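Undergrad: got a predicted model here, sequence first, then my questions.
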Amino acid sequence: MHEITERLARAALPHVPFDGWSQDTFRAACADAGVDESLARVHCPRGAVDLAVAAHRLGDAELRQRLAAADLTGMRFRDRVVHAIMLRLDAAGDREVVRRASAMFALPHHAAEGAAALWQSADTIWTALGDRSDDFNWYSKRAILSGVYGSAVLYWLGDDSPDLSATRDFVERRIADVMAIEETKAKLRQNPLTRPLMEIQARLSACIKAPQSGTSA
């Protein structure tokens with residue numbers, strides 16, 4: 001992310017609860033960051049939409065730092081995923097800022113950006129936790145976790161429980177559901193009747209992903 005974009009995104013955050021991710025917020029961010037609006041448009045041609053995307057990326061960057069510094073020794077893998085999601089929610093900051101972004105990304109013409117942001121957060125979590133899959137699992141893990149994180153955000157926005165305990169319980173239930181699916185897939189790979197089908201699926205998925213080797217979502 002360019003330094004100017006980061007400055008603008010950070011400068012926009014105090015204005016979002018009052019004006020949303022709007023043109024007014026974009027102009028206020030330019031003024032507060034000391035960036036001429038014409039230059040800001042070079043880096044953020046869509047104005048506040050690009051600032052909202054940049055703010056989300058800042059949250060992912062903070063998550064990477066927190067996970068790198070966290071001691072996950074002794075945690076079950078599912079607990080590491082839950083912990084990562086809770087850290088990402090905390091890194092999101094002001095809930096009203098996130099609420100405004102969620103409303104914007106729910107609009108049809110911004111839905112693709114919203115989906116991409118969730119995917120990026122899921123990819124950040126899996127990568128930070130050491131995922132090395134290179135077949136269909138690479139896609140399925142991120143797609144499933146995108147859904148889990150997206151639902152967790154919506155739950156978190158309305159959670160007034162002490163220490164967000166209700167949100168943690170919600171995330172733990174969703175991750176338990178995901179782990180049950182993964183256990184079923186593992187059994188299918190071990191079953192001599194279904195193993196050939198799973199192997200074919202893995203080879204096809206590897207062929208699909210091969211051209212994208214070395215890139216990230």
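TA: Done, it's in. What you see is a predicted model; the values in this text were computed from it and never measured.
Undergrad: what lies in contact with the host helix or strand of residue 49?
TA: Here residue 49 is covered by helix 48-69, with elements defined by DSSP states H and E. Applying CB atoms under 8 Å, 6 or more residues apart in numbering, the contact partners of helix 48-69 are 1, 5-6, 8-10, 12-13, 20-23, 25-26, 29, 43-44, 84, 87-88, 91-93, 97, 101, 104-105, 110, 113, 117, 120-121, 124-125, 128-129. Bear in mind the C-beta positions are built from the backbone N, C-alpha and C, glycine included.
Undergrad: and the next element down the chain from it?
TA: helix 77-91.
Undergrad: send me stretch 107-122 as PDB with only the CA atoms.
TA: Only the C-alpha atoms of stretch 107-122 are listed here, as PDB (Å, rounded to 0.1, in the frame of the first residue of the first chain):
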ATOM      1  CA  LEU A 107     -24.400  -2.500  -2.200                       C
ATOM      2  CA  PRO A 108     -24.500  -4.500  -5.500                       C
ATOM      3  CA  HIS A 109     -21.900  -2.300  -7.200                       C
ATOM      4  CA  HIS A 110     -19.500  -2.700  -4.300                       C
ATOM      5  CA  ALA A 111     -20.200  -6.400  -3.400                       C
ATOM      6  CA  ALA A 112     -17.200  -7.700  -5.300                       C
ATOM      7  CA  GLU A 113     -14.900  -5.400  -3.200                       C
ATOM      8  CA  GLY A 114     -16.500  -6.600   0.000                       C
ATOM      9  CA  ALA A 115     -16.100 -10.300  -1.000                       C
ATOM     10  CA  ALA A 116     -12.400  -9.600  -1.900                       C
ATOM     11  CA  ALA A 117     -11.800  -8.000   1.400                       C
ATOM     12  CA  LEU A 118     -13.200 -11.000   3.300                       C
ATOM     13  CA  TRP A 119     -11.100 -13.300   1.200                       C
ATOM     14  CA  GLN A 120      -8.000 -11.300   1.900                       C
ATOM     15  CA  SER A 121      -8.600 -11.500   5.600                       C
ATOM     16  CA  ALA A 122      -9.200 -15.300   5.400                       C
END
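Undergrad: that older thread, what's the angle from the helix holding residue 49 to helix 77-91?
TA: Angle of helix 48-69 versus helix 77-91, following axes from the mean of the first three to the mean of the last three CA atoms, to 10 degrees, is 130 degrees.
Undergrad: ok, residues contacting stretch 98-113?
TA: 16-17, 20-21, 49, 52-53, 55-56, 92, 114, 117, 153-154, 157.
Undergrad: most neighbours among those residues, which one?
TA: When neighbours are counted by other CB atoms under 10 Å, residue 52 leads the contacts of stretch 98-113 with 29 neighbours.
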